[in-house]
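> make a model of this:
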Amino acid sequence: AFFANKVEHESRHCNGKVLQRQGSSSFDRVYTANQNCGHAYPTFLAVLWCAGLLCSQAPAAFAGLMYLFVRQKYFVGYLGERTQSTPGYLFGKRIILFLFLMSVAGILNYYLIFFFGSDFEMHIKTITSAISPLLLIP
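I've put the predicted structure just below:
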């Protein structure tokens with residue numbers, strides 16, 4: 001909602017009352033940042049749910065909250081110079097990778113239980129809980 005509100009505000013600021021696609025360079029930056037965030041959101045939701053259901057909920061929720069803050073940083077950075085959005089983008093990629101690896105670990109654990117009867121769920125939860133605070137390091 002914040003991103004869409006910024007797009008609407010910038011459009012009205014540049015073009016009057018009507019929401020139009022064409023506008024100033026500031027409108028184009030806001031619109032592009034909004035589109036980028038919208039395109040990345042389904043991937044984020046998929047890996048967040050998989051990591052939470054298949055591995056561990058607490059680290060997945062922590063990574064999800066971090067991702068939302070990082071996307072905010074990316075969006076605000078995109079409003080300035082484009083190089084200001086790069087740290088938020090790279091940080092977001094790292095969080096998505098963490099969630100993806102959590103999902104893969106959960107799937108591997110399921111197959112280990114199914115085929116070999118070995119359950120590594122407690123080990124995986126301990127490792128992900130220990131690694132999740134490392135996401136705070138920029």
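
> in the protein, which spans are helices?
Assigned by DSSP state H, the chain shows helices spanning 2-15, 25-54, 57-79, 86-116, 121-131.

> can you tell which of these is closest to residue 137?
Smallest distance to residue 137 across the helices of the chain (CB to CB): 9.5 Å, for helix 86-116. Any C-beta I mention is one placed from the backbone N, CA and C, and that applies to glycine too.

> what's that closest one packed up against?
Packing partners of helix 86-116 (3 or more CB pairs under 8 Å, 6 or more residues apart in numbering; DSSP states H and E): helix 25-54, helix 57-79, helix 121-131.

> can you say which of those helices is packed in most?
Most buried of the helices and strands packed on helix 86-116 by mean neighbour count (mean count of other CB atoms under 10 Å) is helix 57-79; its value is a mean of 18.

> and the contacts of it?
2-3, 6, 26, 29-30, 32-34, 36-37, 40, 44, 48, 51-52, 84-89, 91-92, 95-96, 98-99, 102, 125, 128-129, 131-132, 135-136 (CB atoms under 8 Å, 6 or more residues apart in numbering).
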